[in-house]
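**Q** Sequence and predicted structure, then a few things I'm wondering about:
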Amino acid sequence: MKVLIIGGAGYIGSHVVREFLDEGHEVTVFDNLSSGLRENLFPDARFVHGDIMDYTSLVRSAQGFDAFIHLAAFKAAGESMLHPEKYSVNNINGTVNIINAASECGIKSIVFSSSAAVYGEPRYVPIDEKHPTNPENYYGFTKLEIENVLGWYDRLRGIHFASLRYFNAAGYDVKGRIKGRELNPANLIPVIMEASCGIRKTLQIFGNDYDTPDGTCIRDYIHVSDLAGAHVKALDYIGAHKKSLTVNLGTGNGFSVLQVLETARRISGRPIPFQIVSRRAGDPAKLTASAGLAKEILGWQARYSDMDTIIRTSWDIYRN
């Protein structure tokens with residue numbers, strides 16, 4: 001299958017590209033390299049340097065493909081609360097350009113990287129796909145709005161989509177083929193890695209007074225290689241069944257910030273200094289996934305998402 005992976009030079013995108021290549025697909029990466037890296041590109045995938053805000057270029061580049069994989073979004077929840085304009089333009093307007101390009105070019109399959117942020121403060125955990133959606137940050141709002149737009153294009157244009165609601169992606173390629181570190185990361189594990197090797201002076205922990213056993217937030221971490229495999233299975237599903245789907249991608253297990261930190265200290269052998277600072281707006285105390293639907297529908301389950309593997313594959317990249 002000919003697949004255009006939009007945002008395929010980024011952290012998650014490069015792992016998704018590698019998975020599609022490993023499965024024998026013909027892959028082209030479309031990326032503006034604002035956060036993606038040339039070192040994350042593979043010689044067996046074609047590369048187009050383009051921007052989703054340039055609709056003409058996007059349509060020109062989209063000709064002749066069977067499917068889009070859409071990973072081109074800003075994703076820092078805290079930043080989205082400070083700069084909603086930035087997230088409106090790139091995440092919402094940019095995705096509308098992608099969907100319109102698919103419509104214009106006759107592409108009937110889109111795999112979209114959504115987020116557990118669409119749920120907001122959980123009413124129960126683990127969170128399943130029937131849980132009410134009520135985002136607590138603007139990033140989550142943009143993802144939910146995109147899901148709504150995709151739903152309408154399914155009804156009106158027959159464009160089938162898989163909306164994959166990621167929980168917390170982490171780790172690096174288990175075979176060590178992807179080396180590019182994230183630029184200006186905001187997620188916990190790469191920030192811990194930067195603190196462990198001196199890129200940052202200290203790790204900031206946003207609040208230690210949550211209603212959790214150690215007072216710090218609990219999150220469901222999924223290894224990025226597991227995440228990448230789900231994209232291939234999702235595309236296979238919507239292609240075979242001509243039917244859209246929305247599924248969670250997580251493990252059902254939660255780790256607190258302090259638990260992740262202690263695992264990183266043990267594996268890296270570094271002290272990793274930290275300081276407690278104020279809570280961030282829009283951070284729920286606990287988020288864990290029910291991933292039963294992904295297993296049932298896609299035959300997918302996490303294989304590499306134990307915390308030791310996540311930290312070890314991350315440390316293999318950062319320690320050098």
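**A** Received the coordinates, thanks. Numbering: from 1, shown residues only.
**Q** for this protein, what spans make up the helices?
**A** 11-22, 55-62, 77-82, 84-87, 94-105, 138-157, 188-196, 224-241, 257-268, 292-298, 307-318 (DSSP state H).
**Q** what would those look like in JSON lines with mean pLDDT and mean neighbour count?
**A** Every C-beta, even on glycine, is put in place using the N, C-alpha and C of the backbone. Converted to JSON lines, the helices of the chain look like this (pLDDT from 0 to 100; neighbours: other Cβ atoms under 10 Å):
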{"stretch": "helix 11-22", "mean pLDDT": "98", "mean neighbour count": "24"}
{"stretch": "helix 55-62", "mean pLDDT": "96", "mean neighbour count": "18"}
{"stretch": "helix 77-82", "mean pLDDT": "90", "mean neighbour count": "17"}
{"stretch": "helix 84-87", "mean pLDDT": "98", "mean neighbour count": "15"}
{"stretch": "helix 94-105", "mean pLDDT": "98", "mean neighbour count": "20"}
{"stretch": "helix 138-157", "mean pLDDT": "98", "mean neighbour count": "19"}
{"stretch": "helix 188-196", "mean pLDDT": "96", "mean neighbour count": "23"}
{"stretch": "helix 224-241", "mean pLDDT": "98", "mean neighbour count": "21"}
{"stretch": "helix 257-268", "mean pLDDT": "98", "mean neighbour count": "19"}
{"stretch": "helix 292-298", "mean pLDDT": "96", "mean neighbour count": "17"}
{"stretch": "helix 307-318", "mean pLDDT": "97", "mean neighbour count": "20"}
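**Q** okay if I get these as TSV plus distance to residue 207?
**A** Output for those, formatted as TSV (distance: least, Cβ to Cβ, whole Å):
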stretch	distance to residue 207
helix 11-22	25
helix 55-62	40
helix 77-82	12
helix 84-87	22
helix 94-105	31
helix 138-157	18
helix 188-196	13
helix 224-241	26
helix 257-268	9
helix 292-298	30
helix 307-318	21
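**Q** And the ones you listed: which comes nearest residue 280?
**A** Checking the helices of the chain against residue 280 by Cβ to Cβ gives helix 77-82 as the closest, at 4.9 Å.
**Q** looking at the helices of the chain, which is closest to residue 215?
**A** Among those, helix 257-268 comes nearest to residue 215, with 8.1 Å by Cβ to Cβ.
**Q** What are the contacting residues of that closest one?
**A** The contact list for helix 257-268, computed with Cβ atoms under 8 Å, 6 or more residues apart in numbering, reads 188-189, 192-193, 196, 203, 205, 214, 216-217, 221, 255, 270-272, 274, 307-308, 311-312, 315, 319.
**Q** 6 Å instead, please
**A** The contact list for helix 257-268, computed with Cβ atoms under 6 Å, 6 or more residues apart in numbering, reads 192, 196, 205, 214, 216, 217, 272, 307, 311, 312, 315.
**Q** can you check stretch 25-34 too?
**A** 1-9, 17, 20-21, 45-48, 50-51, 61.
**Q** cool, stretch 87-107 as well?
**A** By Cβ under 6 Å, 6+ apart, stretch 87-107 touches 52-53, 55, 58-59, 62-63, 65, 68, 70, 73-74, 80, 110, 138, 142, 145-146, 153, 157, 159.
**Q** circling back to that earlier point, from the contacts of stretch 25-34, list the buried ones, please.
**A** 1, 3-9, 17, 20-21, 45, 47-48, 50-51, 61 (16 or more other Cβ atoms under 10 Å).
**Q** Look up how far residue 204 lies from the residue nearest to residue 319 when sequence neighbours are not counted.
**A** Once flanking residues are discounted, residue 319 sits nearest to residue 197: 6.3 Å by Cβ to Cβ, 6 or more residues apart in numbering. Residue 197 is 16 Å from residue 204, where distance means Cβ to Cβ, to the nearest Å.
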